[in-house]
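**Student:** Fold the stuff below for me.
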Amino acid sequence: MTLALTPAYVALGANLDDPVATVIAALEALKNLSHSRLVATSSLYRTAPVGLKDQPDFINAVAALETELTPAALLEELFAIEARFGRRRSVRNAPRTLDLDLLLHGNTRSDHPAITLPHPRMHERAFVLAPLAEIAPDLAIPGQGEVKQLLSACASQAISRLPAATGNP
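**Tutor:** Below you'll find the model as predicted:
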């Protein structure tokens, strides 16, 4: 018996070492997630850091998956990928080799300390919304609204799309 596939969206970000190569490699790693299928990837985007300002710019992207995994199991898989890329968790908004955030898992809503869905700040961040709008412009974030409308409210946040040659795997 095959389980139903649930759409899920993952934000990728990196700003240490070679962040472009890291995000591209992480997108490749998402292709190999168990019980999941990578269905779309955004371009890569350069963005200024949020929170701790004295650090390099970030390279960001968003991936769309279809998965049989529960949100908790998917998050565990994402943490394992981060660890393979040398992610160390220190202070909030610190520089990182790779950050994978589970943004949405179907219509799941969760306020559990281990996992909050939808991601609690995704609707306020151009570095999530711009790549998400590229691959799912009509997507609605439960409790917040449509991605393309939310992105227009973030127009003051600096973000630039990288040339296609450095983007999609």
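**Student:** Residue ranges in this structure under the pLDDT threshold?
**Tutor:** 1-3, 51-53, 87-94, 165-169 (pLDDT under 70).
**Student:** the helices in it, which residues?
**Tutor:** For the chain, the helices defined by DSSP state H cover 19-30, 71-84, 126-135, 147-152.
**Student:** Look up how far Ile81 lies from Tyr45.
**Tutor:** For Tyr45, the distance to Ile81 equals 20 Å [CB to CB, to the nearest Å]. Placement of C-beta: from N, CA and C, glycine included.
**Student:** One more: Glu28?
**Tutor:** Between Glu28 and Ile81 the computed distance is 10 Å (CB to CB).
**Student:** For the two, indicate the residue with more neighbours.
**Tutor:** In this comparison of Glu28 against Ile81, neighbours counted by other CB atoms under 10 Å, the higher total goes to Ile81 at 19 against 12.
**Student:** right, and that one touches Leu30 too?
**Tutor:** Yes. Contact between Ile81 and Leu30 holds when scored by CB atoms under 8 Å: they sit 7.4 Å apart.
**Student:** Ramachandran angles for Pro163?
**Tutor:** phi -60, psi 150 (degrees, to the nearest 10).
**Student:** which residues touch it?
**Tutor:** Shown in contact with Pro163 (CB atoms under 8 Å, 6 or more residues apart in numbering): no residues.
**Student:** do Ala155 as well
**Tutor:** When contacts are taken as CB under 8 Å, 6+ apart, Ala155 is in contact with Ala126.
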